[in-house]
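> The amino acid sequence is not available; the structure is as follows:
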């Protein structure tokens, strides 16, 4: 049999893998990506986004975690609503459904930010 390259699943039928999409969509000056939750997973996500040239605006209830984001090269803000005001696209890296509800729908939550994230 001949050599075949491995097939990578595409996103929404676009026929491209996630890596291809990230590589080809890095545009200098592109809008920042929001991140709520800068723990173990969130900080690794921020690191990867920043390494690919994306700006990251993030919030965590822990001031030390916000400081880590700043050290990585991201911008830490004072709350989830501020992330929503600055970013159209937001990742959530939170431990429980209750925390997600609080950070999205609660007072000072993501949905209070304008314009609303997509």
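Ah, there it is. Nothing here was measured: the structure is a model prediction, and the numbers come from that model.

> contacts, neighbours, all on C-alpha from now
OK.

> in this protein, what spans have low per-residue confidence?
Counting by pLDDT under 70, the chain shows low-confidence ranges at 1-30, 114-118.

> now the strands for the protein?
33-36, 56-59, 75-76, 90-92 (DSSP state E).

> which of these is buried the deepest?
Ranked by mean neighbour count under mean count of other C-alpha atoms under 10 Å, these are led by strand 56-59, which reaches a mean of 28.

> Now do it: which elements does it pack against?
Helices and strands touching strand 56-59, by 3 or more C-alpha pairs under 8 Å, 6 or more residues apart in numbering; DSSP states H and E, are strand 33-36, helix 40-51, helix 63-72, strand 75-76, helix 80-86.

> returning to what we had before: turn the strands of the chain into CSV, including distance to residue 108.
Putting those into CSV (distance: least, C-alpha to C-alpha, whole Å) gives the following:
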stretch, distance to residue 108
strand 33-36, 13
strand 56-59, 12
strand 75-76, 15
strand 90-92, 15
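
> Tell me which of those strands lies nearest to residue 46.
Residue 46 lies closest, by C-alpha to C-alpha, to one member of these: strand 56-59, at 6.6 Å.
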